[in-house]
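Visitor: predicted model and sequence below, questions to follow.
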Amino acid sequence: MPQHTPTQTAPATPPPSTSLTVFLETFGCQMNVLDSQLVQGQLRGLGYRFIDDWKQADVVLYNTCSVRERAEQKVWSRVGEVGVHKKTHPHVLLGVIGCMAERDGDNTVRKYPQVDLLCGPGELDKLPMLIDNAVRTSLEDRGGIHAAKIALQGDTHRRSATLAAAEDKLEMLDLSRSFSPDDHNGSAYVRITRGCNKFCTYCVVPKTRGAEVHRPPTHLIDECKRLVDSGVKEITLLGQTVNHYHYDNTQAVELNGHLQPQIGTIIGPNRGTGGPSPTFGTDVTSFASLLKKICDEVPDLLRLRFVTSFPRDFGDDILQVMADEPRICRYLHLPVQSGSDRMLKMMNRGYTVAQYMDLVDRVRAFMPDAELATDIICGFPTETEEDHLATADLLRRGRFKNSFIFKYSPRPGTSAYDRLKDDVTDTDKKRRNNELLAVQNEVSAQVHQAYVGKTISVFVESISARERKAIASASGARGVELGWEKSSEPGGSVGELVTQLVGRTGGDIIVIFDGDPALIGQIIDIKIRTASPLTLFGELIHSTATTS
Ligand code: SAH
Ligand code: SF4
Ligand code: F3S
């Protein structure tokens, strides 16, 4: 597209926006990674070309996260840089999409007039139209907020309110995904639930992603089948609280030839016990039955995983399906947030430490080899040393393979932000964070050490980050051309078909070993030689695919 400044006259016919180059950077959780893939597929299908250098792009898109302030700060600094760049490249369009766009709304464009479009995660189906409109506007004289193109779900939660009457366009976006083998390395995400109904007091997600809706099981199975047909070996099901998945097949509504997602109801008589899954009518697909259906109907899928599990309403029915089906990974990401009942109550999590530990015990009774990971928030308002020590104790008892430990970050739009003073000092938050990390490091080291000497199945994901760096700094064109160049072992000779690879066990433990990059996307056996607190190091036994 021609360069122009706002003072030039716009050409009579704008150039087609679909010949533009796009740079897209993703922040935040797996849900955002999947959204970015869908956006990419959608825009590619319209002729946009994706490039890696933002300075060369006509359209710069940031798919953003709002969960903590730090996540947002990173994006603001990018937005600042693009603002400077736009002074000399005024045709460039800047879009902020995802959770930050939804949370901050048009404040963003008031503060940062260089932002040309805003699109919330619930409106991503409209993104091509927004880009197209923004391109047209950029050819005219534009200024500030009036020129910005905005699609936000807002407070109305339109989707949930009108779901039965209007076609769910986001479902169409999921259904339109590309199944090209170029789009994956043997592993893919499938969204089963959107949004969240939980309203944990600190959390912005229900605001940014809207109310919980569940996708029709037939769509999910079809998506899994098509991914496997395109070469995917491992699928991760996504939802904020995956175990709450349910779809009442007797109430299914079809519009324009597609079943519609269903609003998540809160849920049967077992609500709040922390024990069994909620009970449903006979023709309801529950999470346990969805897992079983996918295993039965997609026999060539080698690994099925899911995140995130909510520690309440996680019944033995799910654990039984996991124990019976070796292709379901024995791994649960089960965020606990705190080891203090008082904190859990203030966070509105809906379970006690005892109920959480009961679930951990049940998981291990069904699957002694299961690995668990958790999330912790330290320094939540009013948290005392005693609460903090209770969390450290829970980390020891839980024996998690790893924990994601976050300092509490007050988020505008949450009830904790409105009602609770952020009264734990940053110094205390930092100290508590470090103390919890130290406890977790000890536990992680023990968990990882127990694998030394064992042979385990590993899904090979990629070349290791260290190796990628080495390749990037290698001067010879040959290394770049081949994507690998040298053995990572001291003494390995240049040109050998080995490089350092990264893979994952069914329990989500990271394994590093040397091998041929052609193994990426396969499941192989690795004998573990040594362990660090968060990683295993091993060597290849043989490269035939196994099924666990
Ligand atoms: N749905 C998932 C979590 C999604 S957010 C669940 O409920 O388990 C991912 C993690 O970010 C949370 O588990 C929590 O530990 C952390 N988090 C969310 N809001 C936060 C906040 N305001 N401050 C600090 N950490 C937060
Ligand atoms: Fe946020 Fe709680 Fe929902 Fe998780 S369950 S996304 S922490 S509100
Ligand atoms: Fe962040 Fe939104 Fe995910 S706030 S954690 S990107 S759901």
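Guide: Arrived safely, thanks for sending. Ligands and ions are numbered 1, 2, ... in the order given.
Visitor: what's the burial count for the residue nearest to Arg209 when sequence neighbours are not counted?
Guide: Sequence neighbours aside, Gly195 is the residue nearest to Arg209 in space, at 4.5 Å (criterion: C-beta to C-beta, 6 or more residues apart in numbering). All C-beta atoms are positioned from the backbone trio N, CA, C, and that covers glycine. By the criterion of other C-beta atoms under 10 Å, Gly195 has 28 neighbours.
Visitor: do I have it right that Gly195 meets Gln240?
Guide: Yes - between Gly195 and Gln240 there is a contact at 7.3 Å, judged by C-beta atoms under 8 Å.
Visitor: overlap in contacts, those two.
Guide: Common neighbours of Gly195 and Gln240, using C-beta atoms under 8 Å, 6 or more residues apart in numbering, are 209, 212.
Visitor: which residues of the stretch 51-200 of the chain lie near ligand 2?
Guide: Residues of the stretch 51-200 of the chain found near ligand 2 (C-beta under 6 Å from any ligand atom) are 196, 198-200.
Visitor: switch the cut-off to 8 Å
Guide: Taking C-beta under 8 Å from any ligand atom as the contact definition, the stretch 51-200 of the chain meets ligand 2 at 196-200.
Visitor: kindly report the same for the chain.
Guide: So far as C-beta under 8 Å from any ligand atom goes, the chain lies against ligand 2 at 196-200, 202-206, 209, 240-241, 308, 310, 335, 337, 348-349.
Visitor: take those and keep only those in helices.
Guide: Using DSSP state H, the members of the residues of the chain next to ligand 2 that fall in helices are 205-206, 209.
Visitor: near ligand 1, which of those residues show up?
Guide: When contact is defined as C-beta under 8 Å from any ligand atom, these meet ligand 1 at Val205.
Visitor: list the residues that contact the residue nearest to Arg209.
Guide: Under the criterion of C-beta under 8 Å, 6+ apart, the contact partners of Gly195 comprise 122, 160, 206, 209-213, 240, 264.
Visitor: same thing but at 10 Å, please
Guide: 31, 121-122, 153, 157, 159-160, 170, 205-206, 208-214, 239-241, 261, 263-264 (C-beta atoms under 10 Å, 6 or more residues apart in numbering).
Visitor: same question, Tyr48
Guide: Tyr48 makes contacts with 17-22, 24, 39-40, 42, 58-59, 128, 131, as judged by C-beta under 10 Å, 6+ apart.
Visitor: before we move on, what about Ile512?
Guide: Listed by C-beta under 10 Å, 6+ apart, the contact set of Ile512 reads 458, 464-467, 488, 500-503, 526, 530, 532, 535-538.
Visitor: now, of these, which are buried?
Guide: Among those, those that count as buried by neighbour count (16 or more other C-beta atoms under 10 Å) are 458, 464, 467, 488, 500-503, 526, 536-538.
Visitor: which of those residues has the weakest pLDDT?
Guide: For the buried ones among the contacts of Ile512, the least confidently modelled position is Ser488, at 38, judged by pLDDT.
Visitor: of the residues of the stretch 51-200 of the chain next to ligand 2, grab the buried ones for PyMOL.
Guide: Paste this into PyMOL to select the buried members of those, with burial taken from 16+ other C-beta under 10 Å:
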select buried, resi 196+197+198+200
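Visitor: from the residues of the stretch 51-200 of the chain next to ligand 2, which two are the most distant?
Guide: Distance extremes for these: the farthest pair is Asn197 and Cys200 at 10.7 Å, using C-beta to C-beta.
Visitor: between the two, what contacts are shared?
Guide: Common contacts of Asn197 and Cys200, defined by C-beta under 10 Å, 6+ apart, comprise 206, 240.
Visitor: nearest residue to Val67 other than its sequence neighbours?
Guide: For Val67, the spatially nearest residue (C-beta to C-beta, 6+ apart) is Val204, at 6.2 Å.
Visitor: what about the one you found, how many neighbours?
Guide: Other residues within reach of Val204 by the criterion other C-beta under 10 Å amount to 22.
Visitor: so how far is ligand 1 from it?
Guide: Distance, Val204 to ligand 1, using C-beta to the nearest ligand atom, to the nearest Å: 7 Å.
Visitor: confidence score at that residue?
Guide: The predicted local distance difference test score for Val204 is 97.
Visitor: isn't it up against Glu102?
Guide: Yes - in this structure, Val204 is within contact of Glu102 by C-beta atoms under 10 Å, at 8.9 Å.
Visitor: now for the two: what residues contact both?
Guide: 66, 413.
Visitor: mind listing which of the contacts of Gly195 are in strands?
Guide: 213-214, 263 (DSSP state E).
Visitor: could you pull out the strands for the stretch 201-350 of the chain?
Guide: Assigned strands in the stretch 201-350 of the chain, in chain order: 213-214, 234-238, 246-248, 254-255, 258-259, 262-263, 284-286, 303-307, 331-333 (criterion: DSSP state E, counting those that start in this stretch).
Visitor: sweet, I'm off.
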